[in-house]
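Undergrad: Quick one: sequence and predicted model below, then my questions.
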Amino acid sequence: MSPPPNAHPTIAAFGVSAGCLEVGGMPLTRLAERVGETPFFAYDRRLIDARIGHLRQHLPKDVALHYAIKANPMPAVVQHLAHSVDGFDVASAREMQVALDTPMSADRIGFAGPGKSRGELAQAMAAGVTIEVESVGELRAIAQLAERSVMRPRVALRVNPDFEVKGSAMRMGGGPAQFGIDAEQVPDALREMGARGLDFLGFHIFAGAQNLRADLIQSLQERTIELAIALSRQAPAPVRHLNIGGGFGIPYFPKDLALDIRPIGESLARLIEKRVKPTLPQAQVIIELGRYIIGEAGIYVTRIIDRKQSRGQVFLVTDGGLHHQLAASGNFGQVIRRNYPVAIGNRMDESRTETVSVVGCLCTPLDLLADNVELPRAEVGDLVVVFQSGAYGLTASPINFLSHPVPPEVLV
């Protein structure tokens, strides 16, 4: 049986059988019994593989596809992706260890992020991963560590671009930023990098995330590549590594339209052929994606433990909440709170609906998973599903708030 015709596209991707949402081909009620408790996160490997296939179909064949582990560092997910992506990008020593525990070669792992400790830098050097240098201070710390080591650090310079970033829900460059070295300061940094004998690989230029406009992403990629070409003229060695970021968004809210990556791939293919190959012939262009790969493949499942009315409003009280899925509560970057797509996972074929608010079990009015939404009439014991929960879910939430147990995660 298919989901209702007005269902969010992500719901349709999971499928429905006998009124029950399916995850990895398994009915949700059975999966909940298999997990043995609620709440929990579940990730559908079929949808992950389908998204990788979609990217491979539309991105240029000579572009390396990297997974940004910060989106979802669950070891089983990372192990699964190690066989289908070309590299990993990490943002901490713990993420780096998760990546190194997979079959992925260390030289295809990049370590980015501001504020790396000397211990983390030393670990990265010893592992042989590429360090994305975020500041002149970090550059000098790496050089000092290198003087006491037999290892020659593999480094790429992260650039804070000098152009405005448009269309991204989260900007990570283009103005004053903790990320990267300002483009106008890069020539001096490159000279210092060469003088200190570091193994310069290239550039990392990633300026914004969660963009749903193909035309804006195309423009951003064009300006990013032109900036890299200009800066390469003062580089101490040929550019072999060119991470142009990603920023591909997914639709969370009713008016969001899914990103069309076909024109992005076509435009990027032309850029590589006309600009990158003639000027940076040794450069491997890298697209770094996290949310776009895993976000729509994951759900958060929580059970209704109380149904109550307060002054005419129906509240479905669940055993989950913002301590597990902060973003869905609207407290992770939303200026105006909007609902993620939700469903009653074991009542997908019921047409009679009511207006309800879905809340968690925490002692705060912020613990709101869905506000005034139309859902099938639900009872105690039913399963609420929050979609778009594959990225920035559990690890981006205050899991110790009010000391509730940490929910399990499963890859199905």
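TA: Arrived safely, thanks for sending.
Undergrad: Let me see the mean pLDDT of stretch 32-39.
TA: Across stretch 32-39, the average pLDDT comes to 98.
Undergrad: And it, what's buried?
TA: Ala32, Val35, Thr38, Pro39 (16 or more other Cβ atoms under 10 Å). For the C-beta atoms, the positions are set from N, CA and C on the backbone; glycine is no exception.
Undergrad: quick one: which of these sit in helices?
TA: Ala32, Val35 (DSSP state H).
Undergrad: Where does pLDDT dip in the stretch 151-300 of the chain?
TA: 165-174 (pLDDT under 70).
Undergrad: show me where it has helices.
TA: Along the stretch 151-300 of the chain, counting by DSSP state H, counting those that start in this stretch, helices occupy 186-195, 214-232, 262-271, 277-279, 291-294.
Undergrad: Ok, which of those comes nearest Leu28?
TA: Ranking the helices of the stretch 151-300 of the chain by proximity to Leu28 (Cβ to Cβ) places helix 291-294 first, at 19.1 Å.
Undergrad: what about the closest one, distance to the chain center?
TA: In terms of Cα atoms, centre = their mean, to the nearest Å, the centre of helix 291-294 is set 5 Å apart from its chain centre.
Undergrad: just stretch 69-80 next, same as before
TA: Centroid displacement of stretch 69-80 relative to its chain, using Cα atoms, centre = their mean, is 10 Å.
Undergrad: Buried ones in that stretch, by neighbour count?
TA: Of the residues in stretch 69-80, those buried (16+ other Cβ under 10 Å) are Ile69, Lys70, Ala71, Asn72, Pro73, Met74, Val77, Val78, Gln79, His80.
Undergrad: Let's have the residues you listed in TSV, adding pLDDT and secondary structure.
TA: Output for the buried residues of stretch 69-80, formatted as TSV (pLDDT from 0 to 100; DSSP: H, G, I helix; E, B strand; the rest coil):
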residue	pLDDT	secondary structure
Ile69	98	helix
Lys70	97	helix
Ala71	97	helix
Asn72	98	coil
Pro73	98	coil
Met74	98	coil
Val77	98	helix
Val78	98	helix
Gln79	98	helix
His80	98	helix
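Undergrad: Any idea how many residues pack against Pro60?
TA: 16 (other Cβ atoms under 10 Å).
Undergrad: Could you pull up the residues touching it?
TA: Going by Cβ atoms under 8 Å, 6 or more residues apart in numbering, Pro60 touches Gly265, Leu268, Ala269, Ile272, Val285.
Undergrad: ditto for Ser329
TA: Per Cβ under 8 Å, 6+ apart, neighbours of Ser329: Gly321, Leu322, Gly360, Leu366, Asp367, Leu368, Leu369.
Undergrad: repeat for Val63
TA: By Cβ under 8 Å, 6+ apart, the residues touching Val63 are Leu268, Ile272, Val285, Ile286, Ile287.
Undergrad: Tell me the bridge partners for Gly208.
TA: When bridges are called by DSSP bridges, Gly208 pairs up with Arg171.
Undergrad: and it, how many neighbours does it have?
TA: 24.
Undergrad: Distance of it relative to Tyr67?
TA: 18 Å (Cβ to Cβ, to the nearest Å).
Undergrad: ok, and the most crowded of the contacts of Ser329?
TA: Gly321 (28 neighbours).
Undergrad: surely Glu37 meets Val406?
TA: No - if you go by Cβ atoms under 8 Å, Glu37 and Val406 don't touch, sitting 11.0 Å apart.
Undergrad: So which residues of the stretch 201-350 of the chain form strands?
TA: 208-211, 241-243, 284-289, 298-310, 313-318, 342-344 (DSSP state E, counting those that start in this stretch).
Undergrad: Which one of those strands lies nearest to Asn400?
TA: Using Cβ to Cβ, those put strand 298-310 closest to Asn400, at 17.5 Å.
Undergrad: how far away is Asp182 from Val410?
TA: From Asp182 to Val410 the distance is 43 Å (Cβ to Cβ).
Undergrad: Then Leu242?
TA: Taking Cβ to Cβ, one finds Leu242 at 36 Å from Val410.
Undergrad: The two: which is more packed in?
TA: Between Leu242 and Val410, Leu242 has the larger neighbour count (other Cβ under 10 Å), namely 26 against 16.
Undergrad: looking at it, that one is touching Gln282, isn't it?
TA: No - judged on Cβ under 8 Å, Leu242 makes no contact with Gln282 at a distance of 9.8 Å.
Undergrad: Contacts only, for Ala327.
TA: Counting by Cβ under 8 Å, 6+ apart, Ala327 has contacts Gly333, Tyr340, Tyr392, Gly393, Ala396, Ser397.
Undergrad: if I look at it, how far off is Lys116?
TA: Taking Cβ to Cβ, one finds Ala327 at 26 Å from Lys116.
Undergrad: now Thr102
TA: 21 Å.
Undergrad: Those two - which one has more neighbours?
TA: Remark: of Thr102 and Lys116, Lys116 carries more neighbours, 24 against 16, as counted by other Cβ under 10 Å.
Undergrad: got the buried residues for stretch 15-24?
TA: Result for stretch 15-24 [16+ other Cβ under 10 Å]: buried residues Gly15, Val16, Gly19, Cys20, Leu21, Glu22, Val23, Gly24.
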